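# Pasting a predicted model and its sequence here:
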Amino acid sequence: MIPDHILDELLQRAFREDIGSGDLTSQYVVPSTARGEGRLLAKEEGLLAGLEIAASAFRFLDQGVECDCLLSDGSLLKPGCEVMKVSGPLQSLLTSERTALNLLQRLSGIATLTALWVKEIEGYRAKLADTRKTTPGLRLPEKYAVRVGGAVNHRFALDGGILIKDNHITAAGGIAEAVRAARENAPYTLRIEVEVTCLQELEEALEAKADIIMLDNMSTEHMARAVELTAGQALLEASGNIILERLREVAATGVDFISCGALTHSSRALDFSFLLNS
């Protein structure tokens with residue numbers, strides 16, 4: 001899940017952005033002593049992710065708020081499905097609802113899209129992975145939602161591994177030079193991944209003994225040939241121009257991983273509502 005200190009920082013920023021100097025409507029319209037109960041409802045089909053994060057958002061401003069999570073992350077949702085009951089001071093509930101819903105709908109949307117893509121490659125060896133193309137400040141929860149959807153995480157940050165891309169190769173003077181520099185300077189426990197765009201570069205990366213080779217924007221025919229040429233010497237990751245319509249044919253080439261930024265940067269939010277009990 002998300003470490004408490006990171007979630008606290010996230011919620012502080014989110015509420016500072018949403019509340020400003022104060023929730024004027026709730027302060028002027030709702031008595032400060034009023035208490036009540038409400039329900040979070042799913043408004044469409046999908047996969048639930050981020051429910052405990054939403055509960056933390058409801059409680060963040062007022063520890064007197066109580067949340068009863070009726071489902072768990074990974075649950076299948078239907079329209080009208082009740083996912084959480086919330087009770088406490090009404091001003092606090094109303095001030096918190098948008099931030100809680102924003103996080104829940106964003107993460108559930110990512111999990112829903114990811115699950116759709118994972119299902120598409122069932123039966124193949126390839127694992128679906130995310131990228132660092134995440135919303136600034138929301139990387140950990142978004143990558144958590146990817147896992148809920150059944151995929152795996154790539155690097156969480158630049159300190160999560162060595163990935164030598166085109167600009168690194170240019171700066172270092174070539175693939176062999178870049179891999180050699182990484183080997184000489186990095187701890188031996190780190191795996192080295194290299195991005196290649198053609199079969200000639202693949203052969204250079206294999207000669208340099210890269211641990212993982214990213215096949216960037218290659219045709220499926222070249223990916224299949226890359227699998228043959230590599231013959232298990234390195235792990236192969238397909239990336240670039242990965243869309244749902246060609247996902248199965250990419251998986252069928254025999255690559256080990258398929259990484260796709262669309263899981264996080266192009267997912268549609270899943271619709272939820274919060275209704276107070278009358």
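Great, that's in hand.
# Which parts of this protein are strands?
Chain-ordered strands for the chain, with DSSP state E as the definition, fall at 35-42, 46-47, 66-69, 76-77, 82-89, 127-129, 162-164, 192-196, 212-216, 235-239, 257-259, 272-276.
# Sheet partners, orientation included, of the first one?
Partner strands and pairing direction for strand 35-42 (DSSP bridges) are strand 82-89 (antiparallel), strand 272-276 (antiparallel).
# Also the second one?
Note on strand 46-47: by DSSP bridges, its sheet partners are strand 76-77 (antiparallel).
# still on that earlier bit, out of the strands of the chain, flag the one nearest Leu247.
With respect to Leu247, and counting by Cβ to Cβ, the nearest of the strands of the chain is strand 257-259 at 6.9 Å. All C-beta spots, glycine's among them, are computed from the backbone N, C-alpha and C.
# neighbours around Arg246, how many?
The number of residues packed near Arg246 is 12, by other Cβ atoms under 10 Å.
# can you pull the contacts of the closest residue to it other than its chain neighbours?
Ranked by Cβ to Cβ, 6 or more residues apart in numbering and with sequence neighbours excluded, the top spatial neighbour of Arg246 is Thr220, at 7.1 Å. For Thr220, the contact set (Cβ atoms under 8 Å, 6 or more residues apart in numbering) comprises 246, 249-250, 252-253.
# Could you do Ala182 as well?
162, 164, 192.
# I figured the second one was touching Ala178, is that so?
Yes: between Ile164 and Ala178 a contact is recorded at 4.8 Å, counting by Cβ atoms under 8 Å.
# quick one: low-confidence ranges for this structure?
Low-confidence regions of the chain, defined here as pLDDT under 70, do not occur.
# Where do the helices of it begin and end?
4-19, 24-29, 51-60, 90-120, 139-148, 166-172, 175-185, 199-207, 220-230, 247-251, 262-265 (DSSP state H).
# how much space is there between Glu17 and Ala57?
Spatial separation of Glu17 from Ala57 under the definition Cβ to Cβ, to the nearest Å is 13 Å.
# and what of Lys78?
In this structure, Lys78 and Ala57 are 24 Å apart, going by Cβ to Cβ.
# Please say which of these two ends up with more neighbours.
A direct count of neighbours by other Cβ under 10 Å for Lys78 and Ala57 places Ala57 higher, at 26 against 10.
# excluding its backbone neighbours, what's nearest that one?
Counting by Cβ to Cβ, 6+ apart, Ala100 is the residue found nearest to Ala57 once chain neighbours are left out, at 3.9 Å.
# Next up, the contacts around the one you found.
The contact partners of Ala100, by Cβ under 8 Å, 6+ apart, come to 40, 54-55, 57-58, 274.
# cool, and Met218?
197-198, 226, 238, 240.
# I'd say Leu202 and Thr230 touch.
Yes: judged on Cβ under 8 Å, Leu202 makes contact with Thr230 at a distance of 7.2 Å.
# hang on, the earlier thing: now the buried members of the contacts of Met218.
Applying a neighbour-count criterion of 16 or more other Cβ atoms under 10 Å, the buried members of the contacts of Met218 are 197, 226, 238.
# Please report how far the first one lies from Arg246.
The spacing between Thr197 and Arg246, counted by Cβ to Cβ, is 17 Å.
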